[in-house]
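Asker: Fold the following and give me the result.
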Amino acid sequence: MKIFKRKLIFVLLYAALAFGLIYTMTAGGLGISADSESYLVAANRFTQHRWGESVNPYWPPLYPLNIAAIKAMGLSGLLGAARIVSVFSFIISIVTVYLLGLQLGGKRTAHLSAISCLVLSSMVYLYCFCWSETLYIMLSLLFLFTLTLFLKNTGENVTKYLILSGIFSGLGTITRFIGFSLIGAGIVSIIFLSHYHPPAKKIKKTLVFVGTAVIPVFLYYLICFHYYGLTGKKQFPSSFTFIHQLIQLPVTVYHDWLTFDLKFWNYVFFFKMGHYFFWLGISVLLFLVWFMILFFRDAFRLKHSSEFELKSKTGVFIYVVFYIAFILIVSSTIDIDPIGSRFIVPVYPFFLLLVFSMVPPVSKISVHGKPKSCFLGMAILCLAVFWSIQLLSIISIHQGINTGSFLAMEHPGNLNRGSMEYLKQNLDSNDYILSNVYRKLTFIWPRQEPYFQTNEETWEESLNSLVYEASQRTVYVLICTGDYTPQGITVADVDQADNRIGLFAWKKIFGNDYLYKTKHMAWQPPPESQEIK
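Answerer: Below you'll find the model as predicted:
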């Protein structure tokens with residue numbers, strides 16, 4: 001009973017810490033990207049019972065379904081519902097990391113893993129966005145937790161854990177297609193790691209798992225077939241080779257764990273400190289290599305120890321291998337983004353669990369016949385460096401959110417910019433917004449189309465099309481300066497064109513943003529080949 005009470009106290013503690021952190025970080029709302037808008041559009045259609053437009057073969061439906069369900073219950077609007085999903089799934093994820101850590105390596109593994117996930121800036125950053133990875137991480141952790149309970153225990157009563165793991169893997173698959181790696185890892189783990197003999201029993205348990213896992217996946221594809229038939233999405237070949245993506249993988253992990261340069265959009269938090277932390281990160285990596293050498297050197301002598309439960313750790317390891325292999329193969333085959341933080345964050349909790357699950361067995365190893373004091377001191381130093389980097393990164397993210405200077409354009413901190421607030425309050429349904437930084441337009445709901453992407457060479461042609469659009473509706477032109485990767489024309493280009501043809505009724509300046517509103521122009525037939533894209 002004392003053990004149960006102690007465990008319950010820590011579960012409540014980590015739940016409270018997770019809630020406080022992510023609730024504070026998302027106080028201004030979740031970040032919105034192009035993918036986020038697709039989720040929100042689908043969720044809105046779900047609430048309107050437009051099933052044929054909501055369930056399609058290209059976007060797994062569970063994440064927008066959760067948003068729609070919360071909205072349908074009257075708890076919040078779409079964006080508020082997405083925030084509820086993010087906060088709730090973060091809480092469950094941290095608690096599950098703690099509970100899974102107890103199964104894999106005991107108290108030290110559980111606490112070190114839970115704390116590390118709490119302060120892992122790339123994971124926190126991901127939960128600040130309206131992205132389906134937030135729900136997927138929770139489901140994958142629940143899958144591995146229930147699968148581990150099944151692998152570690154014997155008897156017929158553990159079948160419930162097998163069924164639960166199948167349910168979570170199936171739900172993960174209709175959250176993100178990478179969830180097929182959950183099903184694959186489950187099949188391999190049951191066949192090779194379960195206690196059942198003869199082999200016929202393992203096959204039976206495997207079929208129970210697969211049957212449970214494929215039910216939601218089968219229903220999803222059945223609905224898709226009903227509305228779309230055998231229609232498939234045309235896929236374009238990837239711009240990146242397998243070797244390129246393979247090299248990018250450790251680079252991304254290194255940046256996310258040991259620098260201030262998360263690989264979401266290649267921005268740097270504390271650039272002036274980067275040189276010092278580079279060498280600090282290299283030192284930590286060298287120690288981790290030494291750690292792994294010690295571990296594998298002495299693993300065989302510990303493998304028969306009851307404290308070294310290799311099978312449960314192997315189940316987690318199998319999933320990590322399946323996930324990474326799936327990502328590498330798909331990203332080097334289909335034209336999607338290069339390997340970055342958003343792709344890899346979902347396996348970070350399992351990386352941490354595997355690393356910290358080595359602590360109990362390695363702590364029994366003596367270094368050159370002496371106690372482990374040297375090893376322990378280096379381990380504590382490395383952990384302190386890791387936690388410090390992550391905490392400083394989270395502080396920097398929070399400051400960027402509050403000031404609106406966050407370099408990721410989708411983040412809600414930028415919503416505080418006056419140009420965005422003005423447009424949100426004054427935009428009519430027929431009005432268009434054109435901008436030289438097209439991602440800025442994702443802040444306006446619903447998303448504004450078309451985007452205004454041009455350059456000096458095509459400016460005159462685009463100007464003719466702009467004049468035509470101004471004869472049909474009001475057009476706002478937003479020129480952003482001081483932002484990363486601005487595209488197209490400058491304020492000088494727009495001012496020069498306005499002086500020549502008198503296109504704009506007024507210009508307003510909001511810090512680094514210049515907002516123009518067009519006059520109603522006399523109709524002029526635009527050139528046939530000129531369209532705003």
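Asker: what about residue 150, distance to residue 202?
Answerer: The gap separating residue 150 from residue 202 is 12 Å, by C-beta to C-beta, to the nearest Å. Heads up, the C-betas are built off the backbone N, CA and C, glycines and all.
Asker: joint contacts of the two?
Answerer: Common neighbours of residue 150 and residue 202, using C-beta atoms under 8 Å, 6 or more residues apart in numbering, are 190, 194.
Asker: Out of these two, name the residue with the larger neighbour count.
Answerer: When residue 150 and residue 202 are compared on other C-beta atoms under 10 Å, the one with more neighbours turns out to be residue 150, at 27 against 17.
Asker: list the contacts for the more buried one?
Answerer: Applying C-beta under 8 Å, 6+ apart, we find residue 150 in contact with 158, 161, 162, 165, 190, 194.
Asker: next one: residue 87
Answerer: By C-beta under 8 Å, 6+ apart, residue 87 lies in contact with 19, 22, 23, 26, 127.
Asker: which non-adjacent residue is nearest residue 19?
Answerer: Distances taken as C-beta to C-beta, 6 or more residues apart in numbering place residue 91 nearest to residue 19, at 5.4 Å, with adjacent residues excluded.
Asker: Surely that neighbour and residue 17 touch.
Answerer: No. If you go by C-beta atoms under 8 Å, residue 91 and residue 17 don't touch, sitting 9.2 Å apart.
Asker: more crowded one of the two?
Answerer: For residue 91 and residue 17, the more surrounded residue by other C-beta under 10 Å is residue 91, and the numbers stand at 21 against 16.
Asker: Could you look up the SS state of that one?
Answerer: Put simply, residue 91 is helix when judged by DSSP: H, G, I helix; E, B strand; the rest coil.
Asker: Please report how far residue 104 lies from residue 13.
Answerer: Separation of residue 104 from residue 13 (C-beta to C-beta) stands at 20 Å.
Asker: So for the two, which residue has more residues nearby?
Answerer: More neighbours surround residue 104 than the other of residue 104 and residue 13, with 26 against 13 (other C-beta under 10 Å).
Asker: Kindly list the main-chain dihedrals of that one?
Answerer: Here is the backbone geometry of residue 104 (degrees, to the nearest 10): phi -80, psi -30.
Asker: Residue 338 too?
Answerer: Here is the backbone geometry of residue 338 (degrees, to the nearest 10): phi -70, psi 160.
Asker: which ones are touching it?
Answerer: Residues in contact with residue 338, defined by C-beta under 8 Å, 6+ apart, are 240, 244, 245, 248, 331.
Asker: got the residue ranges for the helices in the stretch 301-450 of the chain?
Answerer: In the stretch 301-450 of the chain, the segments counted as helices under DSSP state H, counting those that start in this stretch are 310-331, 341-344, 348-357, 359-362, 373-403, 418-426.
Asker: nearest to residue 117, of the ones you listed?
Answerer: Nearest to residue 117, of all the helices of the stretch 301-450 of the chain, is helix 348-357, at 5.2 Å by C-beta to C-beta.
Asker: next one: the closest one to chain centre, how far?
Answerer: 18 Å (C-alpha atoms, centre = their mean, to the nearest Å).
Asker: do the same with stretch 121-137
Answerer: Distance of stretch 121-137 from its chain centroid, counting by C-alpha atoms, centre = their mean, is 4 Å.
Asker: Can you mark which positions in the helix or strand in which residue 500 is found are buried?
Answerer: Applying DSSP states H and E as the criterion places residue 500 in helix 491-501. Using 16 or more other C-beta atoms under 10 Å as the test for burial, helix 491-501 gives 491, 493, 494, 497, 498.
Asker: picking that back up, worst average pLDDT in the helices of the stretch 301-450 of the chain?
Answerer: Ranked on mean pLDDT, the bottom entry among the helices of the stretch 301-450 of the chain is helix 359-362, at a mean of 66.
Asker: From residue 468, how far off is residue 518?
Answerer: Relative to residue 468, residue 518 is positioned 11 Å away (C-beta to C-beta).
Asker: Let me see the contact set for residue 391.
Answerer: By C-beta under 8 Å, 6+ apart, the residues touching residue 391 are residue 119.
Asker: For residue 398, see how far away it is.
Answerer: Separation of residue 391 from residue 398 (C-beta to C-beta) stands at 11 Å.
Asker: just residue 7 next, same as before
Answerer: 31 Å.
Asker: Equivalent analysis for residue 206, please.
Answerer: Relative to residue 398, residue 206 is positioned 46 Å away (C-beta to C-beta).
Asker: got the domain boundaries for this structure?
Answerer: Using automatic domain parsing, the domains assigned to the chain come out as 2-403, 417-518.
Asker: weakest of the ones you listed by average pLDDT?
Answerer: Comparing mean pLDDT across these, the weakest is domain 417-518, with a mean of 75.
Asker: Tell me how far that domain lies from the chain's centre.
Answerer: Put simply, domain 417-518 sits 31 Å off its chain's centre (C-alpha atoms, centre = their mean).
Asker: on that earlier part again, and the buried residues of helix 491-501 as TSV, adding distance to residue 198?
Answerer: Listed next are those as TSV, based on distance: C-beta to C-beta, whole Å:
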residue	distance to residue 198
491	77
493	77
494	77
497	81
498	83
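Asker: Need phi/psi at residue 480.
Answerer: phi -100, psi 130.
Asker: shouldn't it be in contact with residue 513?
Answerer: Yes. In this structure residue 480 lies within contact range of residue 513 using C-beta under 8 Å: 5.4 Å.
Asker: what helices or strands is the host helix or strand of residue 219 leaning on?
Answerer: According to DSSP H and E, residue 219 maps onto helix 199-228. Helix 199-228 sits against helix 51-54, helix 159-173, helix 180-193, with contacts defined as 3 or more C-beta pairs under 8 Å, 6 or more residues apart in numbering; DSSP states H and E.
Asker: pull the CA atoms of the shortest one into CSV?
Answerer: In this case it means helix 51-54. Coordinates of each C-alpha in helix 51-54 appear next as CSV, following Å, rounded to 0.1, in the frame of the first residue of the first chain:
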residue,chain,number,x,y,z
TRP,A,51,-18.0,13.2,-43.4
GLY,A,52,-17.1,12.8,-47.0
GLU,A,53,-15.0,16.0,-46.9
SER,A,54,-13.5,15.2,-43.5
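Asker: how many degrees apart are the next helix-or-strand element following that helix and helix 159-173 in direction?
Answerer: Later in the chain than helix 51-54, the nearest helix or strand by DSSP H and E is helix 62-72. Going by axes from the mean of the first three to the mean of the last three C-alpha atoms, to 10 degrees, helix 62-72 is angled at 90 degrees with respect to helix 159-173.
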